[in-house]
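Peer 1: Sharing a model prediction with you, sequence too.
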Amino acid sequence: MSALLEVRGLSVEIVARRRRLTAIADVSFEIAAGEILGVVGESGAGKSVTGTAVLGLLEPPARQAAGEIVFAGRRIDTLGAEAMRALRGKEIAAVFQDPLTSLDPLMTIGAQLAETMLTHLPITRSEAQARAERLLAEVGIPAPRERLSAYPHELSGGMRQRVVLALAFCCEPRLIIADEPTTALDVSIQAQILDLLRRMCRERGTAVMLVTHDMGVIAEVADRVAVMYAGRVVEIGPTRALIEAAGHPYTRGLMASIPSMRRRTAELMQIPGAMPRPDAPVAGCAFHPRCARAFDRCAVERPGSFQAGASRVACWLADPALAGAGA
Ligand code: SF4
């Protein structure tokens, strides 16, 4: 399957007080049309920075230091601000954690949907309004015609996030970057919003880059997963393969943190220690201070990325040369 989005060797650095800090380094992945790629990791792992870079929304002091971003066969990280803005509204949409980031508090919901469509699609105002009403119905907003004239603050958090989904889908984008889209919501509402996101994507063939710290969210909706740690992708592969046999010790720790479906309040397993900060990088494998399986080489040499079954794993334990040596 050919890729809709290709991120190749992407690095982002932050220049602060005459120091260059690496936010993400050598990040590569692809997303096929209609595919949901989950990007998971702890806070500060670099997943949101990656999403922001794909959206062309990096702001100083952050800047792209290396790599390229190719969307639908065209390199987009070199586009000017105007071309990128046009692409962002139409072909690539964003859904953020806080619906109020995406919604204008001073505009009615109907006006926001209509304005977005009129900016990007060759349709009339009455067509836009009819389409806005259909979209609100599709995302499960009761009495959609009346809701067109409501303001965001008049809706609950869950309803607002449904409106954000309507806004994201209104121009029929080919890719949605969803950054922690359900983190601020109650667990029962989270499941509904994820279900809605997955259904709408499946029906339209929309691809999604789903950024989350929650492996449970990934397990429910993602086709493939990229696990990030300290600014790098440490494992990438099909969701099922990662759930059944994660290759990287960090991924295994994340998997163990998924609460049991039957006992959602079960105590979560924590990975001891903390991820290194960009201003205090560690040598070798960035995970080695926390890794129960670390050995001498891990502290001095950063592992490459090795094929392990259907996944790629950045861990010396996945190095075929090591297996050949009987380690
Ligand atoms: Fe652990 Fe070493 Fe693998 Fe890093 S390379 S995850 S420290 S075993």
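Peer 2: Cool, the structure landed.
Peer 1: which other residues reach the helix or strand Met255 falls within?
Peer 2: Take DSSP states H and E as the rule and Met255 turns out to sit in helix 249-256. Identification of contacts with helix 249-256 by CB atoms under 8 Å, 6 or more residues apart in numbering yields 40-41, 215, 227, 229, 234-235, 242-243, 246, 269, 271, 287, 290-293, 315, 317. Yep, even glycine has a C-beta here, placed from its N, CA and C like the rest.
Peer 1: From those, list the buried ones, please.
Peer 2: Under a neighbour-count criterion of 16 or more other CB atoms under 10 Å, the subset of these counted as buried comprises 40-41, 215, 227, 229, 234-235, 242, 246, 271, 287, 290-291, 315, 317.
Peer 1: Out of the residues you listed, name the ones that lie in strands.
Peer 2: Secondary structure defined by DSSP state E assigns Val40, Val227, Tyr229, Val234, Glu235 of these to strands.
Peer 1: Relative to Glu180, which of the residues you listed is nearest.
Peer 2: Glu180 has its nearest neighbour among these in Val40, at 10.7 Å by CB to CB.
Peer 1: Could you pull up the residues touching the closest one?
Peer 2: Residues near Val40 by CB under 8 Å, 6+ apart: Lys47, Val211, Thr212, His213, Asp214, Met215, Ile218, Val225, Ala226, Val227, Met228, Leu254.
Peer 1: Which is the succeeding secondary structure element to the one helix or strand Thr50 maps to?
Peer 2: Remark: Thr50 resides in helix 47-54, with elements defined by DSSP H and E. Moving toward the C-terminus from helix 47-54, the first helix or strand encountered (DSSP H and E) is strand 62-71.
Peer 1: Give me the contact list for that next one.
Peer 2: Among residues not part of strand 62-71, those counted as contacts by CB under 8 Å, 6+ apart are 3-15, 20, 22-23, 26-28, 49, 52-54, 58, 75-78, 87, 91-92, 175.
Peer 1: same thing with stretch 144-158?
Peer 2: 99-100, 103-110, 113, 129, 132-134, 136-137, 141, 160, 163, 184-186, 189, 192-193.
Peer 1: which among those end up buried?
Peer 2: Neighbour counting with 16+ other CB under 10 Å marks 99, 103, 108-110, 113, 129, 132-133, 136, 141, 160, 163, 184-185, 189, 192-193 as buried within the contacts of stretch 144-158.
Peer 1: Select from those every entry located in helices.
Peer 2: 99, 109-110, 113, 129, 132-133, 136, 160, 163, 189, 192-193 (DSSP state H).
Peer 1: what's the most distant pair in those residues?
Peer 2: Gln129 and Ile189 (27.4 Å).
Peer 1: What parts of this protein come near the ligand?
Peer 2: Where the chain comes near the ligand, counting by CB under 6 Å from any ligand atom, the residues are 248-249, 285, 287-288, 291, 293-294, 298, 303, 315-317.
Peer 1: what's the neighbour count on the residue of the stretch 101-250 of the chain found nearest the ligand?
Peer 2: The nearest approach of the stretch 101-250 of the chain to the ligand comes at Pro249, 4.5 Å away (CB to the nearest ligand atom). When neighbours are counted by other CB atoms under 10 Å, Pro249 registers 21.
Peer 1: And it, how close does it get to Arg63?
Peer 2: Applying CB to CB, to the nearest Å, the value for Pro249 to Arg63 is 32 Å.
Peer 1: Equivalent analysis for Arg162, please.
Peer 2: If you go by CB to CB, the gap between Arg162 and Arg63 works out to 35 Å.
Peer 1: between those two, who's got more neighbours?
Peer 2: When neighbours are counted by other CB under 10 Å, Arg162 comes out ahead of the other of Arg162 and Arg63, with 24 against 15.
Peer 1: in the stretch 151-300 of the chain, what spans have low per-residue confidence?
Peer 2: Segments of the stretch 151-300 of the chain classed as low confidence (criterion: pLDDT under 70) are 259-270.
Peer 1: how about the helices in it?
Peer 2: 157-169, 187-204, 215-221, 239-245, 249-256 (DSSP state H, counting those that start in this stretch).
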